[in-house]
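J.: the amino acid sequence is not available; the structure is as follows:
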């Protein structure tokens with residue numbers, strides 16, 4: 001099994017910063033990309049930022065210039081530095097990974113794994 005464990009959420013005032021972390025563990029034999037998504041009660045889950053195993057990054061328009069995604073492939077960890085936070089950034093943030101897994105003799109390609117989510121609340 002593969003697990004993603006997120007940390008770093010919390011309550012912050014508008015204009016403040018938070019750093020989220022997500023560590024992957026388990027039967028991973030290949031890692032393609034990791035990403036952060038978020039979901040607020042009145043919206044669908046949406047992509048925030050992603051990073052591939054070659055370091056290519058992508059940001060959604062509403063966080064471009066404020067958030068920075070980075071990764072440590074050796075540690076299978078992805079980070080999301082969030083600056084200049086706004087009340088609209090309030091959401092549960094989920095980590096996602098696309099991996100290959102090997103459990104015993106069973107090889108699985110391009111498995112999508114989700115973390116449990118971490119709540120970010122930005123007060124005005």
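T.: The structure has been received and is ready for your questions. Predicted, not measured: the structure shown is a model, and the values here were computed from it.
J.: quickly find the element holding the closest residue to residue 48 other than its chain neighbours.
T.: For residue 48, ignoring the flanking residues on the chain, the nearest one in space by CB to CB, 6 or more residues apart in numbering is residue 36 at 4.4 Å. Backbone N, C-alpha and C define where each C-beta goes, glycine included. When elements are assigned from DSSP states H and E, residue 36 belongs to strand 28-39.
J.: is the nearest residue to residue 9 once chain neighbours are set aside bridged to anything, and to what?
T.: Nearest residue to residue 9, sequence neighbours excluded (CB to CB, 6+ apart): residue 118, at 3.4 Å. Counting by DSSP bridges, residue 118 is bridged to residue 93.
J.: was I right about the residue nearest to residue 48 contacting residue 93?
T.: Yes - using CB atoms under 8 Å, residue 36 makes contact with residue 93 at a distance of 5.8 Å.
J.: okay, and the common contacts of those two?
T.: 20, 48, 80 (CB atoms under 8 Å, 6 or more residues apart in numbering).
J.: restricted to strands, list those residues.
T.: 20, 48, 80 (DSSP state E).
J.: residue 1: which of those is nearest?
T.: residue 20 (22.3 Å; CB to CB).
J.: highest neighbour count among the shared contacts of residue 36 and residue 93?
T.: residue 80 (27 neighbours; other CB atoms under 10 Å).
J.: can you pull the pLDDT of that residue?
T.: Listed pLDDT for residue 80 reads 98.
J.: that one and residue 101, how far apart?
T.: The gap separating residue 80 from residue 101 is 24 Å, by CB to CB, to the nearest Å.
J.: stretch 19-29: how far from the chain's middle?
T.: Stretch 19-29 sits 10 Å away from the centroid of its parent chain (CA atoms, centre = their mean, to the nearest Å).
J.: show residues contacting it.
T.: Contacts for stretch 19-29 (CB under 8 Å, 6+ apart): 1-9, 31, 34, 36, 75-82, 93, 95, 97, 99-103, 107, 113, 115, 118, 120.
J.: just the strands in the chain please.
T.: Taking DSSP E, the strands of the chain run over residues 2-7, 10-13, 18-26, 28-39, 46-52, 57-59, 67-72, 77-82, 91-103, 106-114, 118-123.
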